[in-house]
Each structure stands twice: as structure tokens, then as C-alpha cells.
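Enquirer: coordinates for the following, if possible.
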Amino acid sequence: MIRSRWAVLILRDLFSGTKRFSDLKRSLQGISQKVLTAELREMEQSNLVERKVYPEVPPRVEYSLTSTGQSLKIVLCAMVEWGLSYQDSHGLPRTAEQKQQIREALHLVLENEDSVSA
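Expert: Purely as a prediction, here's the structure:
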């Protein structure tokens, strides 16, 4: 289901809502079109992502998370919190400001979830 670093970053981007392919490509610096296409197809087959094609010229394709994909939000947030705790307990460098920025970003992701659900 989630086999690469790209899958996690795609989920991150889609947590905030529906995105077009070009939006995802722009956000994921360093990913090739071929890899992004393959990742999205695999995530679609795993029922994490929904692909909607609009019959326009040129064709417009949008990606959004399924309810299964949305359910991973709490898991990924827990992983980030675990990572911050791990860094603290092993003396790995990260400033208090950096940790706060990470937590604020997580809060925004969770806040978006609440507004979408309402």
C-alpha cells in the first residue's frame, strides 16, 4: 500500500483536498512523471486514491483520497510524533522551533480533516 517515500508525500498533499496531477508534480520536487503516474496507479489499486477524469480537451484528471486513504491521516501523524520523540530520546538535533513547525503543520492537516468532515 505505502511502499515508497513518494506515497507518504502524495498522501500528505491529498490530505488537504483534491489535486490535479500537475499540482502533485509541482509539490513533489524531484519526482518524475513516470514515477508519479505509477505511484498514483498503485495507490488507486489499493483503494487509497480516487481518480476522476473529466471529458474535456485537454483531459482533466483529479485525485482525491478515499475514506481508506483518509483513515491513514491519524497513522501518519502518530508516526511523526513518534519520530520527534525518538529524536529527543536519542539526542538527535532538532530545534524547538523546528519541532513546533512540524506540530503546527500536523495540526493544520488535522484541522482540514475536521472542516471537510463537517
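
Enquirer: any low-confidence regions in the protein?
Expert: Scanning the chain for pLDDT under 70 picks out 1, 105-118.

Enquirer: what's the spacing between residue 50 and residue 89?
Expert: Using C-beta to C-beta, to the nearest Å, residue 50 is found at 39 Å from residue 89. (Each C-beta comes from the backbone N, C-alpha and C, glycine too.)

Enquirer: so for these two, which residue has more residues nearby?
Expert: residue 50 (17 against 8; other C-beta atoms under 10 Å).

Enquirer: neighbours of the spatially closest residue to residue 27 that is not a sequence neighbour, how many?
Expert: Nearest residue to residue 27 in three dimensions, chain neighbours excluded: residue 13, at 5.2 Å (C-beta to C-beta, 6 or more residues apart in numbering). A count of nearby residues for residue 13, using other C-beta under 10 Å, gives 16.

Enquirer: and what of the one 5 residues further on?
Expert: The tally of other residues near residue 18 (other C-beta under 10 Å) stands at 12.

Enquirer: spatially, and excluding backbone neighbours, which residue is closest to it.
Expert: The shortest distance from residue 18 to any non-neighbouring residue, by C-beta to C-beta, 6+ apart, is to residue 64 (4.2 Å).

Enquirer: and residue 62, that's in a strand?
Expert: Yes: looking at residue 62 with DSSP: H, G, I helix; E, B strand; the rest coil, it is inside a strand.

Enquirer: that one pairs with what?
Expert: Note on residue 62: beta-bridge partners by DSSP bridges are residue 20, residue 52.

Enquirer: tell me the spacing between the residue lying closest to residue 94 once chain neighbours are set aside and residue 74.
Expert: Leaving aside its chain neighbours, residue 94 sits nearest to residue 87 (5.3 Å; criterion: C-beta to C-beta, 6+ apart). Residue 87 sits 21 Å away from residue 74, going by C-beta to C-beta.

Enquirer: repeat that for residue 33.
Expert: 31 Å.
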